[in-house]
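Engineer: requesting a structural model of the entry that follows:
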Amino acid sequence: MVIYGTALLSGCLIAGVVAGQLLGYLVGVDKNIGGVGIAMLLLILISDRLQRSGRIQPPTRQGILFWSSMYIPIVVAMAASQDVLAAVKGGPIALIAGVTVVLISFALVPIISRIGKADLEMTKSKTLSAKDEP
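Structural biologist: Model (predicted):
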């Protein structure tokens, strides 16, 4: 049931937008600073916490998973387009900083992938050794 994840998504969006507006006000800018990103992080953290505590029924979990998978790529695409426009208007330093961050992120993908594989292999070896013991 997709509808069950909508309440969590909307609550996270409202909290994120309010936090972004407040952050913008505190910095002295009349804009929302990172509200959608804050909402995305809240959605991830809250849904993960609810799943770990076992307080989510399977239909609700499927709804949250659906909205999470729809929401995150849309937010990334929106943020990427805004960042590119701001970088072009901001001059060469902003472009250099943006390209540098993207290159560093690409370089870290294999490293993070190895960390995940090491954890998976360690978990598999523990599981196999536990099965061998009587």
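
Engineer: ok, now which ones touch Pro58?
Structural biologist: For Pro58, the contact set (CB atoms under 8 Å, 6 or more residues apart in numbering) is empty. In this view, the C-beta of every residue, glycine as well, is placed from N, C-alpha and C.

Engineer: and the pLDDT for Ala94?
Structural biologist: At Ala94, the pLDDT value in this model is 70.

Engineer: what secondary structure does it sit in?
Structural biologist: Put simply, Ala94 is helix when judged by DSSP: H, G, I helix; E, B strand; the rest coil.

Engineer: any idea how far Val36 is from it?
Structural biologist: As judged by CB to CB, to the nearest Å, Ala94 and Val36 stand 20 Å apart.

Engineer: and Ala107, by the same measure?
Structural biologist: Ala107 is 27 Å from Val36, by CB to CB.

Engineer: and the two? which has more neighbours close in?
Structural biologist: Val36 (19 against 9; other CB atoms under 10 Å).

Engineer: host element of the more buried one?
Structural biologist: Take DSSP states H and E as the rule and Val36 turns out to sit in helix 35-53.

Engineer: now that helix: buried residues?
Structural biologist: Gly35, Val36, Gly37, Ile38, Ala39, Met40, Leu42, Leu43, Ser47 (16 or more other CB atoms under 10 Å).

Engineer: among these, give me the pair with the biggest separation.
Structural biologist: Using CB to CB, the two most remote members of these are Gly35 and Ser47, lying 18.5 Å apart.

Engineer: for the chain, name the helix or strand with the lowest mean pLDDT.
Structural biologist: Every helix and strand of the chain was ranked by mean pLDDT, DSSP states H and E. The lowest is helix 58-90, at a mean of 70.

Engineer: tell me the spacing between the closest residue to Gly35 other than its chain neighbours and Val99.
Structural biologist: Nearest residue to Gly35, sequence neighbours excluded (CB to CB, 6 or more residues apart in numbering): Gly20, at 2.3 Å. Distance, Gly20 to Val99, by CB to CB: 26 Å.
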